[in-house]
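Asker: I'd like to go over a predicted model; first the sequence, then the structure.
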Amino acid sequence: MTDAEIIERINSALAEEFELELGELVPEAIFKDDLDLDSLDAVDMVIVLEQEFGIKIKKDEAFKAISTLGDLHKFILTKKDEAA
Amino acid sequence: MHLQRVVVTGMGAISPLGNGVKELWSGLVAGRSGLSRMEGLEGVKGLRPRIAGRVPEFNAKAIPRKARRTMSNLSIFAALAALEAIEQAGLDEATLTGGRTGLSVGSTTGSSQALEQFFKLYLPENSLEAIRGTEFFKIMNHSAAANLAQFLNLSGRVVAASAACSTGCLNIGLAAEAIAIGKQDAMLCGGTDELHPLTVGTFDIIEAASISGSDDPAKASCPFDAKRDGIVCSEGAGILLLESYDHAKARGAGILAEITGFSSLCDSSNMASPSAEAINRCMAEALKDAEISESEIDYVNAHATGTLQGDASEAQAVADLLGNTAPVSSLKGHLGHTMAASGAIETIATIRMMQESTVIPTANLTSPAAECAVLNNVLHLQERPITYALKNNFALGGINTSLVLRRA
């Protein structure tokens, strides 16, 4: 799977879970301010992404530092690389 | 203690007869049934009933995602019904959120669907790893009240009384009391429940569920009839907006009815079998609270769920207290038993009967059982003025409730 395909899957999963438009999902988007996602959504985002990619995210300190969608893309790409 | 008169200024209902009070009322007048064969019951080993009352399609997306993410269907039903009640009452945002408007809404339990989902994920590997953060808010016992309060940005009192089938009436009564003693100016109140095979199973296990209707679901629920064989479980929500009379008048709100009496008393003689004596006491206490005599009741909207013992006890209690003059009907022939919502949905329907001077008959009541024939059973739609109505709701656990309503 290419990085672009992974990013597309991340965006699709978030769009479906949080009822967002794909057009809103630009790398600069800040979860809290631009996408109106809060800490409760972050908990469910972890579950969604863990199930989507078969990886472990919960309790990963690096995840807690994420504030933009671009940060999330990089985080998941790194996780996928580590798992490969 | 009634320092304030309490009136109804808004009503909302989601029921097996459709979305909204208009659909509920037109369905009842037309004698429509909200019952059908329920998918998913066949697959449960040992479960005999096949018929239930489901809410037809509803627009959950009328509630924004952020409010909806912690809602199961029971909260969604309550939220949609509350929006309808608020709109009818014309209550503005500042009054709703200002701290003098509260809420009293309950369900039988938290979401059974969410509970099932939780244990499906938890039990196979004794693991919490796949449990979403929003799940607990659907399961907790005050899920409907909490979700509704958050959705509507309330800052007043929030009560979440839960007393199984009496939940609807109990919350209306508690809300009325909060207004009557001046603690709140307005209260949203009522009950809500979502259907799950386990709801049906609960009644089947204690031999109180109907197992008929496979060939004709509309005929499964037969309150007061000789052929009744138990409860047909349903789902839905009924929400009323109550206000003090002065508050409603001051803002020019239309008054739909007045709540003049309420009683909730416990029948501690048995966990599951209601006694006529205890029902009698509860109704008498509500009449006393309303300061009216037995002869002033023009109509009784019975709890009557279609069980052998419950209907018989209520019939005897009503006949003992009121005689056989006032017409009596149950709406569970049309709707089935909407559980925690039943008291509220049926109170709303009773208020519509008062407004229209029309008495809705008990659906499927063609041959009243001997023990229920002591009543003035309503077999056909009647045009009849109703000034005072008595609404009963009784629950497992012996929690009995009665409301007295007066026409506006």
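Answerer: Done, it's in. Given the structure is predicted, the values throughout are model-derived calculations rather than measurements.
Asker: B:Leu96 and chain A, how far apart?
Answerer: Note on B:Leu96: its distance to chain A, by CB to the nearest CB, to the nearest Å, is 22 Å. Where you see a C-beta, it was placed from the backbone N, CA and C, and this is true even at glycine.
Asker: same question, B:Gly333
Answerer: 40 Å.
Asker: and that residue, that one's in a helix?
Answerer: Yes - B:Gly333 forms part of a helix when assessed by DSSP: H, G, I helix; E, B strand; the rest coil.
Asker: which intervals of chain A have sub-threshold pLDDT?
Answerer: A:84 (pLDDT under 70).
Asker: residue of the stretch 201-350 of chain B closest to chain A, please.
Answerer: Closest approach between the stretch 201-350 of chain B and chain A, counting by CB to the nearest CB: B:Ala237, at 23.0 Å.
Asker: can you tell me the SS state at that residue?
Answerer: With three-state DSSP as the criterion, B:Ala237 reads strand.
Asker: repeat for A:Glu5
Answerer: helix.
Asker: next one: B:Lys391
Answerer: B:Lys391 ends up strand, using three-state DSSP.
Asker: just give me the neighbour total for it.
Answerer: 28 (other CB atoms under 10 Å in any protein chain shown).
Asker: and it, how far from B:Gly156?
Answerer: 25 Å (CB to CB, to the nearest Å).
Asker: sorry, back to before: B:Ala344 is in contact with the residue of the stretch 201-350 of chain B closest to chain A, correct?
Answerer: Yes - here B:Ala237 lies in contact with B:Ala344, judged by CB atoms under 8 Å, at a distance of 7.3 Å.
Asker: which single residue of the stretch 51-200 of chain B ends up nearest chain A?
Answerer: For the stretch 51-200 of chain B, CB to the nearest CB, closest residue to chain A: B:Gly133, 3.1 Å.
Asker: which residues does the nearest residue to B:Pro16 once chain neighbours are set aside contact?
Answerer: Using CB to CB, 6 or more residues apart in numbering or on different chains and skipping the chain neighbours, the partner closest in space to B:Pro16 is B:Gly34 (2.6 Å). Residues in contact with B:Gly34 (CB atoms under 8 Å, 6 or more residues apart in numbering or on different chains) are B:Ser15, B:Pro16, B:Leu17, B:Gly27, B:Gly53, B:Arg54, B:Ser234, B:His334, B:Leu335, B:Gly336.
Asker: repeat that for B:Ser36.
Answerer: Contacts of B:Ser36 (CB under 8 Å, 6+ apart): B:Ile51, B:Ala52, B:Gly53, B:Arg54, B:Pro217.
Asker: B:Met353 and B:Leu28, how far apart?
Answerer: From B:Met353 to B:Leu28 the distance is 9 Å (CB to CB).
Asker: looking at these two, which is more packed in?
Answerer: Per other CB under 10 Å, whichever of B:Met353 and B:Leu28 has more neighbours is B:Met353, with 26 against 23.
Asker: pull out the buried residues from stretch B:395-408.
Answerer: For stretch B:395-408, a neighbour-count test (16 or more other CB atoms under 10 Å in any protein chain shown) marks B:395-407 as buried.
Asker: actually stretch B:328-340, not the one I wrote
Answerer: For stretch B:328-340, burial by neighbour count (16+ other CB under 10 Å) applies to B:328-340.
Asker: OK, contacts around B:Thr358?
Answerer: Contacts of B:Thr358 (CB under 8 Å, 6+ apart): B:Val29, B:Leu381, B:Gln382, B:Glu383, B:Arg384.
Asker: that older thread, adding distance to B:Lys138 and secondary structure, write the contacts of B:Gly34 out as CSV.
Answerer: Rendered in CSV, the data for the contacts of B:Gly34 read as follows (distance: CB to CB, whole Å; DSSP: H, G, I helix; E, B strand; the rest coil):
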residue, distance to B:Lys138, secondary structure
B:Ser15, 21, strand
B:Pro16, 22, coil
B:Leu17, 25, coil
B:Gly27, 29, helix
B:Gly53, 22, strand
B:Arg54, 19, coil
B:Ser234, 20, strand
B:His334, 29, helix
B:Leu335, 24, helix
B:Gly336, 23, coil
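Asker: closest one to B:Arg228 out of those, please.
Answerer: Proximity of the contacts of B:Gly34 to B:Arg228, judged by CB to CB, is greatest for B:Gly336, which lies at 12.6 Å.
Asker: next one: that closest one from B:Val232, what distance?
Answerer: From B:Gly336 to B:Val232 the distance is 4 Å (CB to CB).
Asker: what about B:Cys266, how many residues nearby?
Answerer: B:Cys266, neighbours per other CB under 10 Å, totals 13.
Asker: do I have it right that it meets B:Thr401?
Answerer: No - between B:Cys266 and B:Thr401 there is no contact under CB under 8 Å: 10.4 Å.
Asker: ok, for B:Ile139, nearest residue in space, not its chain neighbours?
Answerer: B:Gly110 (4.3 Å).
Asker: grab the nearest non-local neighbour of B:Ser75.
Answerer: The shortest distance from B:Ser75 to any non-neighbouring residue, by CB to CB, 6+ apart, is to B:Asn147 (3.9 Å).
Asker: pretty sure that neighbour sits in a helix.
Answerer: Yes - judged by three-state DSSP, B:Asn147 forms part of a helix.
Asker: before we move on, back to that, which neighbours do B:Gly336 and B:Val232 share?
Answerer: What both B:Gly336 and B:Val232 touch, as defined by CB under 8 Å, 6+ apart, is the set B:Leu35, B:Ile51, B:Ala52, B:Gly53, B:Ala220, B:Ser221.
Asker: where's A:Val43 relative to B:Glu135, distance?
Answerer: 10 Å.
Asker: return the per-residue confidence for the residue most central in space within chain B.
Answerer: Note on chain B: the residue nearest the mean C-alpha position is B:Ser342, at 2.2 Å, using CA atoms, centre = their mean. B:Ser342 is assigned a pLDDT of 98 by the prediction.
Asker: ditto for B:Ile206
Answerer: At B:Ile206, pLDDT is 93.
Asker: who touches it in this structure?
Answerer: Applying CB under 8 Å, 6+ apart, the residues contacting B:Ile206 are B:Ala272.
Asker: what's near enough to touch B:Leu335?
Answerer: When contacts are counted by CB under 8 Å, 6+ apart, B:Leu335 touches B:Ser15, B:Pro16, B:Leu17, B:Gly34, B:Gly53, B:Ser221, B:Ser234, B:Gly236, B:Ser342, B:Ile345, B:Glu346.
Asker: what's the closest non-adjacent residue to the third one?
Answerer: Meaning B:Leu17. B:Gly27 (3.4 Å).
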